[in-house]
Structure formats: structure tokens, C-alpha cells
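Asker: Show me the folded form of this:
(4 chains)
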Protein chains: 2
Amino acid sequence: MDLSERKKRILTAVVEGYIATAEPVGSKHLAEQIGCSSATIRNEMSELTAMGYLEQPHTSAGRVPSPAGYRLYVNELMEKQKLTEAETAAINEKLARKDEQIEKLMAEVGQLTSSMTQYPAYALTMKPPVAVKRFDFIYVDQNTFIVVALLTDNMVKNKLIHLPFSVHQEQITTLSALFNANFTGVTDREITESIIRSTERAAGDTYGLVAVVASFTMECLAAARTAPVGIAGASRLLNQPEYRDPDKAHALMNFIADGSRLVDDLPPAGMGADGIRVTIGPENLAEELKDSSVVMASYDAGDGMRGYIGVVGPTRMDYSGVAAKLSYIAAGLSRLLAGTDAPAGLDNKLVLKESEHHEQEG
Amino acid sequence: MDLSERKKRILTAVVEGYIATAEPVGSKHLAEQIGCSSATIRNEMSELTAMGYLEQPHTSAGRVPSPAGYRLYVNELMEKQKLTEAETAAINEKLARKDEQIEKLMAEVGQLTSSMTQYPAYALTMKPPVAVKRFDFIYVDQNTFIVVALLTDNMVKNKLIHLPFSVHQEQITTLSALFNANFTGVTDREITESIIRSTERAAGDTYGLVAVVASFTMECLAAARTAPVGIAGASRLLNQPEYRDPDKAHALMNFIADGSRLVDDLPPAGMGADGIRVTIGPENLAEELKDSSVVMASYDAGDGMRGYIGVVGPTRMDYSGVAAKLSYIAAGLSRLLAGTDAPAGLDNKLVLKESEHHEQEG
DNA sequence: ATTAGCACTCGGAAAGAAAGAGTGCTAGCA
DNA sequence: TGCTAGCACTCTTTCTTTCCGAGTGCTAAT
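Answerer: Here you go, the predicted structure:
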């Protein structure tokens, strides 16, 4: 299923032409670039269309890349783009001040990413899912006890629980055994109604307390996992012709503005080798993103935490430029937060190294 | 310059009609409402137009309120709107959980306000301008000293300053005297180049240190004054027909997304007696807001801090409904944060009291 | 295998026509 | 004097119609 060299060049030219102009690209324009006649191009394009890499908005328009076409372009065709000195300098400068707390930093990184790419951007740092390591129950008086939960990240949470009825020491001990048996080592997503039910069934006369403690547990875990997310530049969508329809723009901006939806969409099949993941149009899970694309990069935020930065844009996105920028920013963040160099790809490192010499200029 | 009763009714009807439909309203529609013939209405409207309360988009369209018309409507004509039980219940519920820190709270209040009004909204708590009460300089060694600034809000800030040259104790003492003389009691806005210059001139051989300490001072003051601001629902603008032009929408959304611009626009001539301020179209200072309106309410955030919530929308905004909602939310916030009741207007209190009986329903 | 030429298609811009809403004015009526 | 009815006029909006051109697919020639 390998394409000829010329087909590749044509597909590349179509993708990049369309990215640049947002207009279907026709055979005549390509003729010059490729170096053969428009008729030849037409034949080739016709085949590419049959293979599913190109599409025709209508009979007498030029061609437009299909999602599969973009995918091929992203995977094999596109050239890694180098940033200009000015760009690396701008990023380095922004990242220089590390004295911020994590939430402010995420907000700033979101801004930075958005302003560098001209697309809406988000940045977040995700803590690994947390579970409770052990529960302790402290009996205070017959109406009162304290739950203490030690989490896997060594945080300790506690809650004083005051009851409208009385319990005695043994009941609390039972409860302790129950929770240590059923609620340790599970993350908040794994706590289901049915676990709670079965625990309640096993609880005997401490029945009524299970729900209270369970909800406390879930609160702890959820709070520990919540990722601060910075979102910026949502309105930049309006620069893109594909979102000139206010309704489309509105729907997508809503989606973006709600950080939690983005986070849900995250934990992905995995990042590419270079720490970049591109999902194109229909590849996205969320309905709202079905005809947009997302490019994201991951970085090491230290302490076992992983972070993500990403941008959202039309399928006709400048993948190459965006990928390069995200990659560079992610590498910078890894350095900043974890002191490590780029997580995987060598390219990051190279770009980084290269820039360090230029830093003083720009 | 008082208008006849009928003129008032007509103006009110035009404003409310236009608010509801976004279309210029013609004489025929009003005829029913007002209870006289369309010709009469036309005469009246023509006079109202001459007085500057109405405008004609073009010769053969209906009338539209002018900014002056809106103003009159807001000041005298519009009826205070009561919230429904469902609305008050929703607001009360949202405000119930007070355990948040201020930044999260602002974000949530922004969301709440936006979702209640269907317009973009912001919420912020502004600390009163802070000044330095006194400076202390601690001599550490010949290259190092510490500046300690006690602010009027009793916060203490400090900075260790390391010099590439040496100073001795007396110089630091001089510096201390200088700063205590020139930089105490002034807010960050009042620190001008010229004050810094004149201090430098008076500084003698400590000349070079003045700029360093001055910039530290400004940093402190700015940081102390920075208000956490929550912005939400910017994309709701796109629901409004006047922002269907993506360029307009983009410009305004940009403005809104940048919290600092909004804050600058704030410290206003003053709130109305009921704690609500409405600025209509050209009344706004910021160029970006010249054909939008802003309704804002202030609340007491305790500890001498004042907070503001506001919404941005087209001049054709539902002033009455928005004002009622903001008023109610602001009153709730005052109660929540300062334990006080509404700052000024009695209406707030009344609405509030009224709702407290309904709280459990909704 | 490539290219030149040609007829055909289809969307989008431009031009023209018709519709409709609303005004302003004049004249008649209480 | 104030209100209403009627009518001619204005101006936008919308719908059609027309026209143009970019781009295609095919065929025949190199």
C-alpha cells in the first residue's frame, strides 16, 4: 500500500496548501510545485482520492485532505519543523520564572502555548491516581469518631464524624476492618455502587456508617487527583474560517472552556515516541471534537506527576509547526519542573540544546 | 424635560421589545400594547427620536433605543424584577459551600453569574490599595542586606538583596530613612518615575540601591493589590445576534478573557444606591466596550475588601433581569464573606429575606 | 507514461425583481 | 386640539436568475 514518491509529494503539497489557504487546492497550482503537467496531477489526485486520502467538497472544486490523508501526512510525510531563534527565546523567557505555584503556572503555560500557536490551548498537570493505603478509626465518644486515611502519595486526610445516634468501640473496630479490606488500594474510579452495597451488606449493625465513610473516601481521592488546568485563547478559534459559524464555534468553545471534559479525553492510547500525540477529526472521542484536531505533548512534572499541554484547532491545523512548538515547550517544562530533559524524543533535546546558545540574543 | 406618561410607556415598550427580539420595533406592534393607533404612536416616536431617546437604523425600519434611551429606561422606567423561587434556590445552593478559597470561589461565582444571566460574567475581589507602613533594613554583611516592608494591611514582605559591590551600615541607615520618608503611605499607582528620581538625587552614595528597593516595593504593592478574578461564559456572547460577526465577537472576547483590562475599567464613578452600576455602550471607557453594556454589582468581601461581579453583553441587554440577579448574588456573597447583609439597597435585603423561606423547595 | 485539448459540471458572485415593513404626511373626525 | 385612517414613498431583505470561472474527467496525441 506504499505510495509512489510522486504521490507522496502531491499529498504533502495538498495538505500544506490547504493548511495555508483553507481553500481546496487544484491541479494547476500543484503543477508548478511538482514539476509536471496539471493533467498528470489530476490522474494522481484521482487515484489518491480513490485510496481515501483526498476528498472533493464537490465535483468541480479542488481536493482537500481526508482525515486519513492528514493522518498519513502527520505520521510519515511532514517534516519536523525547527523553531526560529525568536520563538525559542520567547518560550525560554516565559518559562524562566519558576517561582509560581502550580495553578498560576498552568494558566501561564496555557497562555504561552496559545500565543505561540495561535490556537486555543490548555495545560494541565495530572497527579497519578491515588488510593487509600490504610484507614484508621479513632473512637472519640459514643457519638463521635475520626476517620484517618493515609493515601498512597503519603498525604493524610481526616474527618471528624458526628452521629445522631450512638456507637461503641467494637462497631468502630468492625468498620475499620471493613474499610481496610474493601476500600484500600482502589482509586476513586474503581469505587462503585456495588462495592459500597456489598460492604454495607457485610456491615451488620454499622450499616448506616458505611455510606458516610465511603463518601469521605471518594472526596479525598477525587480531591487528590484533581488537576489544575489552564485554558487560554479559546476565542482564537474565531480566527479560523472553519469556525466562522458562530454555532459551531460556540459548541466547541464551550467544550474547551470546561476543563474537565478535556481532561476526560486525555488518558490516551499513548503518546508517540516523541512525546507528541495528534488526534485528527473523527479520531477524537468527544463528539464536540469530531471535526477538529488536537495536538498534545506530555512532560514530566516531577514527583511522578505527568503533565500535558495541547492545542485544539481545525483538522486543517498546522500540525508541523504546532508539534514543534509543543515539543519545545514540553521539554522546557520537564526541565523546569522535574529537572529532567525531554522524556523521550531526541529531537526535543536537540532543539533545546541548540537554543541554549541563542538565548541571550532574540 | 419630563416625558408624558404615554411617551414613557412607549419608550419602555420599545426598549423591552428590542431587548426581547433584537429587531427594531415598529409602530404597529406597539399600537396594541399602548392602546392607541399606530399613527399616534408614530407621532410620539418621532418626537422621542428628536429628543434623542430613539434611533432609526434606516428610514423604513422600526425604532431602536439610543444609549440615552437605555439610560432613561435603566434609571427611571424599568421595573425591578423579582427572581423566581427556582432562581433564588439555585443561587443559594451554589453559594452554600463556603469552604473554598478565594480564587476557586471567584471562579465559581463567575460561572454561577454567567449561567444565571446567560451572558459572559466576571467576579473579583479587590483589596483596597495598599501602601507600605514602614521599611526596615537589616544589614547582613557588606554585600547583603534585607529589606522588610510592613504593609498597611499588616502583611510583611521581605527580600534579601545581594550586591555586586559593598556597602556599610551607615549607607543602609540612610537608605532606610530615605524610603521611610518617600515611599511610605503611597500606593503603587502613586509611585512615579519622578519620585524615584528625586529620591535617587537625595541618595548620595547609595544612589544605586534606590532603584532596586523601589522596584521591590512596587512588586509588593502590586502583588498585594492583585485581585483574583473569575471569568466565565465568554463564549455565550456568540448567542447574541449582535456578535454573530466573528471579528466583533473575537475582539470583545479577547477583552473579556484578559481579566486585567476588566479590572482597570472598574473603580468607577460609583455604584448606584442599590449597589448596581450600569454602563451603557459609549459610556464605557474601554474602546472594546463602546457598543456593549456592562452591569455590575458590588459586595462586601469582609476585611475591608470590596468585590465586584458583573456581566458584559450587548447594549440590548436584559438590564432588569440581570440587575435583579446580580443584586441577589451580590447580597449572598456579602452574607457569605462578610457576614453582613446587603451593602446599600434595601431591595436586596427584601429579596433575600423573601427567599429564605423558599429555600427548601425549588 | 505523460501531456495537451476540450466539453462538462457545479458553486459562488453579481444583477435584477419582488415583497414587506415601516415611515411621514395629509385629511377627516371627535 | 388631539387622535385616527389612508396612502404614497423609501429602503432593506430576500429570492431568482444569470453568468462566470475554476476544476474535473476523458480522449487523443506524443
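Asker: Would you mind listing what in the stretch 1-150 of chain A touches chain B?
Answerer: Within reach of chain B by Cβ under 8 Å from any Cβ of the partner chain, the stretch 1-150 of chain A has these residues: A:Glu103. C-beta: built from backbone N, CA, C; applies to glycine.
Asker: what residues does the stretch 1-150 of chain A put near DNA strand C?
Answerer: Within reach of DNA strand C by Cβ under 7 Å from any atom of the strand, the stretch 1-150 of chain A has these residues: A:36-37, A:39-40, A:43, A:58-61.
Asker: So which of these reach DNA strand D?
Answerer: For DNA strand D, the contacts drawn from those by Cβ under 7 Å from any atom of the strand are A:39, A:59-61.
Asker: between those, which is closest to A:Pro282?
Answerer: A:Ala61 (21.3 Å; Cβ to Cβ).
Asker: from what I can see the closest one touches A:Ser27, true?
Answerer: No: contact criterion Cβ atoms under 8 Å: A:Ala61 and A:Ser27 do not qualify, at 11.4 Å.
Asker: Settle it for me: which of the two has more neighbours?
Answerer: Relative neighbour count places A:Ser27 above the other of A:Ala61 and A:Ser27, with 20 against 13, counting by other Cβ atoms under 10 Å in any protein chain shown.
Asker: Pull the contacting residues for that one.
Answerer: Neighbouring residues of A:Ser27 by Cβ atoms under 8 Å, 6 or more residues apart in numbering or on different chains: A:38-39, A:41-42, A:45, A:62.
Asker: now the ones next to DNA strand D among the residues of the stretch 1-150 of chain A next to DNA strand C: which count as buried?
Answerer: Buried residues within those, counting neighbours by 16 or more other Cβ atoms under 10 Å in any protein chain shown: none.
Asker: Just the ones of those in helices?
Answerer: For those, the ones inside helices are A:Ala39, with DSSP state H as the criterion.
Asker: I'd like the ones next to DNA strand D among the residues of the stretch 1-150 of chain A next to DNA strand C as TSV, with distance to A:Ser327 and pLDDT appended.
Answerer: Below are those laid out as TSV (distance: Cβ to Cβ, whole Å; pLDDT from 0 to 100):
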residue	distance to A:Ser327	pLDDT
A:Ala39	40	92
A:Thr59	40	86
A:Ser60	40	85
A:Ala61	34	86
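Asker: Closest one to A:Gln240 out of the ones next to DNA strand D among the residues of the stretch 1-150 of chain A next to DNA strand C, please.
Answerer: For these, the residue nearest A:Gln240 by Cβ to Cβ is A:Ala61; the value is 19.3 Å.
Asker: How about that closest one: what's its closest non-neighbour residue?
Answerer: Excluding the flanking residues, the one nearest A:Ala61 by Cβ to Cβ, 6 or more residues apart in numbering or on different chains is A:Pro24, at 4.5 Å.
Asker: what about A:Val147, helix or strand, and which?
Answerer: Secondary-structure element containing A:Val147, defined by DSSP states H and E: strand A:144-151.
Asker: Okay, buried residues for that strand please.
Answerer: A:145, A:147, A:149-151.
Asker: repeat for stretch A:150-163
Answerer: Under 16+ other Cβ under 10 Å, the buried positions of stretch A:150-163 are A:150-153, A:157, A:159, A:161.
Asker: Now do the contacts for the residue nearest to A:Ala61.
Answerer: Contact partners of A:Pro24, counting by Cβ under 8 Å, 6+ apart, are A:18, A:56-57, A:61-64.
Asker: ditto for A:Pro65
Answerer: Taking Cβ under 8 Å, 6+ apart as the criterion, A:Pro65 is in contact with A:11, A:14-15, A:18, A:53-55, A:73, A:315-316.
Asker: Would you reformat those residues as TSV and include neighbour count, pLDDT and distance to DNA strand D?
Answerer: Below are those laid out as TSV (neighbours: other Cβ atoms under 10 Å in any protein chain shown; pLDDT from 0 to 100; distance: Cβ to the nearest atom of the strand, whole Å):
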residue	neighbour count	pLDDT	distance to DNA strand D
A:Leu11	25	95	13
A:Val14	26	95	9
A:Val15	25	96	14
A:Tyr18	21	95	11
A:Tyr53	25	96	14
A:Leu54	26	95	9
A:Glu55	16	94	11
A:Tyr73	23	96	18
A:Thr315	23	95	19
A:Arg316	21	95	16
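Asker: In TSV: those, plus secondary structure.
Answerer: Output for the contacts of A:Pro65, formatted as TSV (DSSP: H, G, I helix; E, B strand; the rest coil):
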residue	secondary structure
A:Leu11	helix
A:Val14	helix
A:Val15	helix
A:Tyr18	helix
A:Tyr53	coil
A:Leu54	strand
A:Glu55	strand
A:Tyr73	helix
A:Thr315	coil
A:Arg316	coil
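Asker: one step back: tell me which of the contacts of A:Pro24 is nearest to A:Glu85?
Answerer: Lowest distance from A:Glu85 to these (Cβ to Cβ) belongs to A:Tyr18, with 28.8 Å.
Asker: just checking, that closest one touches A:Arg316?
Answerer: Yes: using Cβ under 8 Å, A:Tyr18 is in contact with A:Arg316, at 5.7 Å.
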